[in-house]
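Q: The following comprises the amino acid sequence and a computationally predicted model.
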Amino acid sequence: MPYPYIAIEGVIGVGKTTLARYLQEALSAELLLEVFEENPFLSDFYADRARYAFQTQIFFLLSRYRQQHQVIPRAIKHSPLVSDYLFAKDWLFAHLNLENDELTVYESVYTALAERIPNPTLVVYLKANVNTLMDRIAVRDRPYERNMEREYIAALSAAYDELFADFPHAPVLTIATDDLNVVNDLEARQMVIGQIKSALDTGASQPSLLNGAASAPVLSAIFEDDTNRRLPDFQQFHQALDRAKHFSPDLYLNYMKLVNEMGELSDEFARVRHTQLGHSATGADESQALRAALNTHREALKQEMADVLAYLLKLANYTGIDLEAAYLEKMDTNIGREWHAGMTGVEDA
């Protein structure tokens, strides 16, 4: 079975190459970077897109084909592969820049070449608004990008959204990057890498399947086979739910929500204790009083415990942790431990 191949995509300036380099290190992967500087028509294209679009696009198509056809099949035999571009981006740019006979000729060449390029295991689609993209393009200050038109970047952004709204060739993980700085913010970088690792473990759901009324049956389908459900299924469910409901993946926000849910669970146990003491005061023995109290509060306890588990699963997703594997590993360690009763009679963890 080949190693995973991850393609990072997004509009010019969104940070594809930067993330690809960090992900290469995190996965001990081979790195495949697009070689766009060698295109002799690129500078002329940005100066006069209509005149130089066809030459530029055909050069990119053949260059990208040659690179990916040579590298991908070889690389994934011995290690993971991370690329900062997807072969299908060529089709996207062509349909944005070409028309009439030029587009027809391009399509015939692309179709013949594309079927020989392996599809990625996962596409990571980095998104940002046009203002953010224009700022990042200005900061990196590449000479041929200095006159980049805002309207062109906006059109590219819309084309990328359309491409990945229903991308049939690989799962797509969409990450909003407007408020992320993976270069200077280590925690943000770890969160993004954790999301990618988790998506590789469980698969990423297509956004088009998780919009509006369609979301409920898709989410429910994850649990159809109730005979073999495991924690990874629940983690996958929360990935899909986050996308369907547009929940924030902010690590510390969700950590604080977990703390809040733990507080609510603690309050409910305090109510159980209060009810138990009330039954004891009427003459019930301790076990009878506890059973009566649990019967009163079991539904509330069930809800609070489910909330705690939900946020724990979400945090496992955001940090790239397989919670089931972590639990089994920890329990395997515990089996070999010597346990000592504490002063209260409760075993030390």
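A: That came through, no problem.
Q: Got the confidence number for Ile175?
A: Looking at Ile175, its pLDDT reads 90.
Q: Check which helix or strand Tyr110 maps to.
A: Per DSSP states H and E, Tyr110 falls inside helix 100-114.
Q: ok, and what's touching whichever helix or strand comes after that helix?
A: Using DSSP H and E, the helix or strand that follows helix 100-114 towards the C-terminus is strand 122-127. Here strand 122-127 makes contact (C-beta atoms under 8 Å, 6 or more residues apart in numbering) with 4-10, 14-16, 19, 86, 157, 160-161, 164, 167, 170-178, 196, 199-200, 204. All C-beta atoms are positioned from the backbone trio N, CA, C, and that covers glycine.
Q: Can you pull out the low-pLDDT segments for the stretch 1-150 of the chain?
A: Applying pLDDT under 70 to the stretch 1-150 of the chain flags residues 1, 37.
Q: Can you name the residues in contact with whichever strand or helix holds Phe93?
A: Phe93 belongs to helix 89-97 when elements are defined using DSSP H and E. Contacts with helix 89-97, where a contact means C-beta under 8 Å, 6+ apart, come from 9, 49, 53, 56-57, 60-61, 64, 103, 106-107, 110, 114, 155-156, 159-160, 163.
Q: Any of those buried? List them.
A: For the contacts of helix 89-97, a burial check counting by 16 or more other C-beta atoms under 10 Å picks out 9, 53, 56-57, 60-61, 64, 103, 106, 110, 114, 156, 159-160, 163.
Q: How many residues are close by Leu309?
A: 15 (other C-beta atoms under 10 Å).
Q: Not counting its neighbours along the chain, what's nearest it?
A: Of all residues not flanking Leu309 in the chain, Phe234 sits nearest, at 7.9 Å (C-beta to C-beta, 6 or more residues apart in numbering).
Q: Quick check: Glu30 vs His279, distance?
A: For Glu30, the distance to His279 equals 66 Å [C-beta to C-beta, to the nearest Å].
Q: for the stretch 201-349 of the chain, which spans come out with low pLDDT?
A: 202-229, 339-349.
Q: residue ranges of the helices in it, please?
A: 215-221, 231-245, 251-281, 286-319, 323-335 (DSSP state H, counting those that start in this stretch).
Q: Could you list every helix and strand in contact with the last one?
A: In this structure, helix 323-335 packs against helix 231-245, helix 286-319, with contacts taken as 3 or more C-beta pairs under 8 Å, 6 or more residues apart in numbering; DSSP states H and E.
Q: Give me whichever of these is most buried.
A: helix 231-245 (a mean of 19; mean count of other C-beta atoms under 10 Å).
Q: then that helix to CSV, C-alphas only?
A: C-alpha atoms of helix 231-245 as CSV (Å, rounded to 0.1, in the frame of the first residue of the first chain):
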residue,chain,number,x,y,z
LEU,A,231,-13.8,6.1,18.9
PRO,A,232,-12.3,7.0,15.4
ASP,A,233,-15.9,6.9,14.1
PHE,A,234,-16.9,9.5,16.7
GLN,A,235,-13.9,11.7,15.9
GLN,A,236,-14.8,11.5,12.2
PHE,A,237,-18.4,12.5,13.1
HIS,A,238,-17.2,15.6,14.9
GLN,A,239,-15.0,16.6,11.9
ALA,A,240,-18.1,16.4,9.7
LEU,A,241,-20.3,18.2,12.3
ASP,A,242,-17.8,21.0,12.6
ARG,A,243,-17.9,21.6,8.9
ALA,A,244,-21.7,21.3,8.6
LYS,A,245,-22.3,23.7,11.5
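Q: From the chain's centre, how far out is it? Work that out for me.
A: 11 Å (C-alpha atoms, centre = their mean, to the nearest Å).
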